[in-house]
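In: Coordinates for the following, if possible.
(one chain, ligands or ions: 1)
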Amino acid sequence: MKSTTLLIITSPFLVSAQQSLWGQCGGIGWTGPTSCVSGAACTTQNAYYAQCVSAAGGQTTTRVSTTGQAQVTTTRTTTGAQASGSGLDAKIKSKGKKYVGFATDQGDFSKSTDVNILRTESGCLTPENSMKWDATEPSQGSFNFAAADALVNFATSNGKMIRGHNLLWHNQLPQWVKNINNKATLTSVIQNHAATVAGRYKGKIYAWDVANEVVADGGGMRSSVFSQVFGDWTFLDVVFKAAKAADPNAKLCLNDYNINFSGAKLNTFVQVVKDLKSRGVPIDCVGTQTHTSVGGSDIPNFKNTLTTLAGTGCEVQITELDIAMPSTSTTSALLAQQSSDYKTIVSACMGTSACAGITVWGIGDSESWITGKHPLLFDDSYAKKPAYQGFLDGINS
Ligand code: 9MR
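Out: Numbering: from 1, shown residues only. Predicted structure coming up:
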């Protein structure tokens, strides 16, 4: 009887196959290629995702290590942005937090003023509008990712993390979803939407606002097609589980506004999160949007609010920070108060171990959704306001 010898050859080509430009090249759980084609370099975006980005203009280091029998070449590059290390994001990272981020979208990427600030100051981008349901699935089963892809490409090619925003919200929701009146259909529509949107960006999103603004302003459940058709909170179970299946390593958040104030809304929010956890629904983080006002009564108490949110056992993120002036006119006293308010809020995050990062909802004042009330860190000419210094003082507090 003839014997057959199976010869196993460990070929260096198997382990060193090169990833194409923009392809994944590393991260927890990644088993594919870890080096990139010529002209591209493997850049770590977060613990779960490294991507082959254009090496042009960056600093590239190549590390050769031995794994078992195989030699693995790992090439890492930093973009100019990461190398600068002088902005708010670098400062907050040096104090142990994960990021300072900004809300932005495609329109900003052609403005050098916005791009310079994003590159220098930001470590994380949130799409202000491009990932919402009306943008991504305007008619049933017909998806449009052009604007969302632009955000993701800008973020990954500049070494920025991404907060996905959002998979389920009563606002910016197409009429065809609002018209659904039976639970089985709405369940499969939510599942398909979350699977498709979160699935497209699998491995690239640090955290998803899986559901946004589901609590009513006075506490209890917000009225929406979701609450009306389900009759209870279990539409959250559906969307969180679908998001988990689509992108298992993304942190999954419940996000809301006015939970920076103590009261019935915050109480309901905390209870909903605890109930989700007790039902085994995958939730990792809570987002307090923190749209507030100069001199707001919530601000002196904000540290306590973060402690309350941390009591859910979830990571806490400040997701949409802005602090509006009382009117369109600014005075030096108001600018100083706004600066102090930014310091108080940022300092509260720094003093709360569960608070992971802070996103400001826009770059220059003129681009804010709060028209004319100068709520951001940079003025209409993109110059740093006293608010910027307040933010920085908060990081250093
Ligand atoms: O900043 C967003 C603005 O450009 C949109 O017109 C608006 C429409 O709903 O949504 C704004 O972003 C909101 C965010 O998605 C959820 N929290 C409240 C934000 C400000 O309204």
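In: how long is stretch 201-221 from one end to the other?
Out: Stretch 201-221 has its terminal residues 30 Å apart, counting by C-alpha to C-alpha, to the nearest Å.
In: average pLDDT across that stretch?
Out: Looking at stretch 201-221 alone, the average pLDDT works out to 98.
In: Could I get the buried residue list for it?
Out: 201, 203-215, 221 (16 or more other C-beta atoms under 10 Å). The C-beta positions use only the backbone N, C-alpha and C, and glycine is treated the same way.
In: now, which of the residues you listed lie close to the ligand?
Out: For the ligand, the contacts drawn from those by C-beta under 6 Å from any ligand atom are Asn212.
In: The buried residues of stretch 201-221: which two are farthest apart?
Out: Pairwise distances across the buried residues of stretch 201-221 peak at 32.9 Å for Gly203 and Met221 (criterion: C-beta to C-beta).
In: can you give me how far stretch 173-187 is from the chain middle?
Out: Taking C-alpha atoms, centre = their mean, to the nearest Å, one finds the center of stretch 173-187 at 26 Å from the center of the full chain.
In: Endpoint to endpoint, that stretch covers what distance?
Out: One end of stretch 173-187 sits 15 Å from the other (C-alpha to C-alpha).
In: Say whether the ligand is contacted by that stretch.
Out: No: if you take C-beta under 6 Å from any ligand atom as the test, stretch 173-187 misses the ligand, and the best it gets is 9.9 Å.
In: which residues touch the residue of the chain found nearest the ligand?
Out: Here the chain gets closest to the ligand at one residue, Trp369, 3.7 Å apart by C-beta to the nearest ligand atom. Contacts for Trp369 (C-beta atoms under 8 Å, 6 or more residues apart in numbering) come out as 128, 361-362.
In: If we check the ligand, which of those residues are in contact?
Out: Taking C-beta under 6 Å from any ligand atom, the overlap between these and the neighbourhood of the ligand is Glu128.
In: May I see the PyMOL selection of the buried members of the contacts of Trp369?
Out: In PyMOL syntax, the buried subset of the contacts of Trp369 is picked out as below (16+ other C-beta under 10 Å):
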select buried, resi 128+361+362
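In: Turn the contacts of Trp369 into TSV, including distance to Asn182, secondary structure and pLDDT.
Out: Listed next are the contacts of Trp369 as TSV, based on distance: C-beta to C-beta, whole Å; DSSP: H, G, I helix; E, B strand; the rest coil; pLDDT from 0 to 100:
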residue	distance to Asn182	secondary structure	pLDDT
Glu128	33	coil	98
Trp361	36	coil	98
Gly362	39	coil	98
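In: how about the residues of the stretch 101-250 of the chain near the ligand?
Out: Proximity of the stretch 101-250 of the chain to the ligand, by C-beta under 6 Å from any ligand atom, involves residues 128-129, 171-172, 212.
In: And the helices in the stretch 51-200 of the chain?
Out: 80-84, 88-94, 112-121, 133-136, 146-157, 175-178, 183-200 (DSSP state H, counting those that start in this stretch).
In: Now Ile370. Nearest residue, chain neighbours left out?
Out: Nearest residue to Ile370, sequence neighbours excluded (C-beta to C-beta, 6 or more residues apart in numbering): Ala324, at 4.9 Å.
In: could you point out where this structure is predicted with low confidence?
Out: 1-16, 19-24, 28-30, 39, 45-85 (pLDDT under 70).
In: same thing but 50
Out: Scanning the chain for pLDDT under 50 picks out 1-16, 56-84.
In: Tell me who's in contact with the spatially most central residue of it.
Out: Central residue of the chain (C-alpha atoms, centre = their mean): Arg163, 1.3 Å from the mean position. Applying C-beta under 8 Å, 6+ apart to Arg163 gives the contacts 101, 124-126, 205-209, 317, 319, 359.
In: Neighbours of Gly313, how many?
Out: 12 (other C-beta atoms under 10 Å).
In: Not counting its neighbours along the chain, what's nearest Lys277?
Out: For Lys277, the spatially nearest residue (C-beta to C-beta, 6+ apart) is Ile283, at 6.3 Å.
In: which residues touch the one you found?
Out: Ile283 makes contacts with 210, 240, 252-254, 273, 276-277, 314, as judged by C-beta under 8 Å, 6+ apart.
In: Same list (the residues you listed) but as JSON lines, adding distance to Gly287.
Out: Converted to JSON lines, the contacts of Ile283 look like this (distance: C-beta to C-beta, whole Å):
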{"residue": "Val210", "distance to Gly287": "10"}
{"residue": "Phe240", "distance to Gly287": "14"}
{"residue": "Leu252", "distance to Gly287": "11"}
{"residue": "Cys253", "distance to Gly287": "5"}
{"residue": "Leu254", "distance to Gly287": "7"}
{"residue": "Val273", "distance to Gly287": "11"}
{"residue": "Leu276", "distance to Gly287": "14"}
{"residue": "Lys277", "distance to Gly287": "16"}
{"residue": "Cys314", "distance to Gly287": "10"}
